[in-house]
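*Asks:* following is a predicted model, sequence given first.
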Amino acid sequence: MTQRLIDRQVVRLLAGLLTMAIVLGVWEQAGRSGSVAFLPPVSEVAREVWTILSGPDLTNDVLPSVGRALAGYLIGGMAGCLCGVLLGYFRRLEPWVRPSLEFLRAIPLPVLLPIAVAAMGGTNTMRISLIVAGAFWPVVLNAEQGTRSVDPRLIDSARMSGASTFEALRLVVWPATLPFIFAGLRTALGIALVLMVVSEMIASTSGLGYLVLQSQRLYAMSQMFAAVVILGLLGYGFSLLFNVVERRTISWYHQQKGLADV
Amino acid sequence: MSDKQPGSMSGAVAFEARGVAKSYPRKDGSTTQAVGDLTFALHKGEFVSIVGPSGCGKTTLLRCLSGLMPADAGEIRYAGKPVSGVVAGLSVVFQEYNRSLFPWLSVGQNVAFPLRKLPREESHRRVYEALLQVGLADVPAQYPWQLSGGMQQRVSIARALASQPDCLLMDEPFASVDAQTRESLEDKTLEIWAKLSLSVLLVTHDIDEAIYLSDRVLVLSRRPSRVIGEVTIDLPRPRSQVETRAMSTFQAYRRDIHELIRDS
């Protein structure tokens, strides 16, 4: 890396931090002056974030949320990969399931919440199921589209090299579809977090969604904002982790597209 | 280059198509007859090219011959046995190297793909040999898309050679590279053909290339394609890009084949 490139990155970082500092400064000022109703100063919120992360709230609310989001995301994502790839590869399945899929995916997901509560009660199973349903759709649709767009020449090449139908699926169609699957998984990540929060706002006694709602009801404004900040940090952390996994898994794809170091 | 002479084949048939026909459905429900009634034989150790007007169903033909797609009628025999499905001993080099090499595998892994059932050491040895044949022994860790077009096509030739076939089908393998690379790939192919005693069937639309490489050139008609002419190329080997192409007999072959295609 050249000195110039490093300089440019430092400038970019400083610019980003400066904007953040201005926003936080304005927030702090507005909070202290009391000119905005129910807005605590950011310093108070930061203290509250620390209290949550270092106290019993960590195990009562933060970790359960993380667990639910991860479990639902992973199950929904894997189910989506599997269904999408099979659906895309074995085209004869498509006419059988297409209309049902189109109908189901058109249903706005939060509306499933009352149904899930009715069916499963205020349980972890209910919350995870909702997240599974949300994470499933973008992945299944992307995986299906990706599988269908695999170059038939690649499959021909595999078959000429003695690959069976199943081997062609495993060794060629699957890796060729991975960039599409990752695109779906990225969308699913956001949806999983939204549904995690929403599911914790009904019939719940734990989780960050519960904490936000409960703090609001008790007028514990610093705590409410602190929970929101933690949710933001959580989303950001998941996203960074996702990038690392994606880079490792399909580095060939990004390098080929010349996007390796963006 | 070898000093191999045309007609030095034993006369045994490596590959044979008899009355092969294939049509495919179109969007409007009708069918297009791509291959009409195709009969020819490729002898062991022979280099035969198939040329024809554009849209004569060459790719369909090649997919039938390689066993990737069943023919509607007729029979294809490889080493005397009827072909139904992909046959070991028969390799294909496709035109679009960038669409037939696996971008997520390195060059070495691509060449090793047909060898995945062999023990690791045997596979390594064969990958190295195959890459050596095409002059690319120094790039196994790179990815195909990091290489030039000509090098990528050499990788796909190496992959085709790795399974140690005795028959090679080539679908316009030099159509997507520049003229100079093309000449060196042609000579490389001749060198490998002679060294490994391969039987090669090359499908191309380039008449000069067909003459330069082959012992025999088969001329196809328009769709539905069938063989409308056969020209035995009696040019000395080893062939040279400069001298062979300048020979008066070369020009005569070119004229003959042009006329056959024009009248088709």
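*Replies:* Received the coordinates, thanks.
*Asks:* quick check: residues of the stretch 151-262 of chain A near chain B?
*Replies:* A:151, A:153-154, A:156-162, A:171-172, A:175-176, A:178, A:250, A:252-253, A:255-256 (Cβ under 8 Å from any Cβ of the partner chain). From N, CA and C alone the C-beta is placed, and that goes for glycine too.
*Asks:* now restrict those to buried residues only.
*Replies:* A:153-154, A:156-162, A:171-172, A:175-176, A:178, A:250, A:252-253, A:255-256 (16 or more other Cβ atoms under 10 Å in any protein chain shown).
*Asks:* mind checking which of these are in strands?
*Replies:* Among these, no member falls in strands (DSSP state E).
*Asks:* point me to the residue of the stretch 51-200 of chain B nearest chain A.
*Replies:* With Cβ to the nearest Cβ as the measure, residue B:114 is the residue of the stretch 51-200 of chain B nearest to chain A, at 3.7 Å.
*Asks:* what ranges do the helices span in the chain?
*Replies:* Went with chain A since none was named. Here chain A has its helices, by DSSP state H, at A:3-33, A:42-54, A:57, A:63-89, A:94-105, A:112-120, A:124-148, A:152-160, A:165-168, A:174-199, A:208-217, A:221-249, A:251-256.
*Asks:* hmm, no, I was thinking of chain B.
*Replies:* Along chain B, counting by DSSP H, helices occupy B:58-65, B:97-100, B:107-112, B:120-133, B:149-162, B:179-196, B:207-213, B:243-246, B:248-262.
*Asks:* for these, give me TSV that also has mean neighbour count and distance to chain A.
*Replies:* Output for the helices of chain B, formatted as TSV (neighbours: other Cβ atoms under 10 Å in any protein chain shown; distance: least, Cβ to the nearest Cβ, whole Å):
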stretch	mean neighbour count	distance to chain A
helix B:58-65	22	7
helix B:97-100	20	4
helix B:107-112	24	9
helix B:120-133	16	12
helix B:149-162	25	7
helix B:179-196	17	18
helix B:207-213	22	21
helix B:243-246	14	31
helix B:248-262	15	27
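*Asks:* residue in chain A nearest to chain B?
*Replies:* residue A:161 (3.7 Å).
*Asks:* re earlier: reformat the helices of chain A as a markdown table; add mean pLDDT and distance to residue B:102.
*Replies:* Formatted as a markdown table, the helices of chain A follow (pLDDT from 0 to 100; distance: least, Cβ to Cβ, whole Å):
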| stretch | mean pLDDT | distance to residue B:102 |
| --- | --- | --- |
| helix A:3-33 | 91 | 32 |
| helix A:42-54 | 94 | 46 |
| helix A:57 | 89 | 49 |
| helix A:63-89 | 95 | 17 |
| helix A:94-105 | 90 | 26 |
| helix A:112-120 | 93 | 40 |
| helix A:124-148 | 95 | 15 |
| helix A:152-160 | 91 | 7 |
| helix A:165-168 | 90 | 11 |
| helix A:174-199 | 95 | 7 |
| helix A:208-217 | 94 | 43 |
| helix A:221-249 | 95 | 15 |
| helix A:251-256 | 88 | 9 |
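*Asks:* residue 116 - nearest residue in space that isn't next to it in sequence?
*Replies:* Here I'm looking at chain A. residue A:126 (4.7 Å; Cβ to Cβ, 6 or more residues apart in numbering or on different chains).
*Asks:* wait, chain B
*Replies:* Computed as Cβ to Cβ, 6+ apart, the closest residue to residue B:116 that is not its neighbour in sequence is residue B:123, at 7.4 Å.
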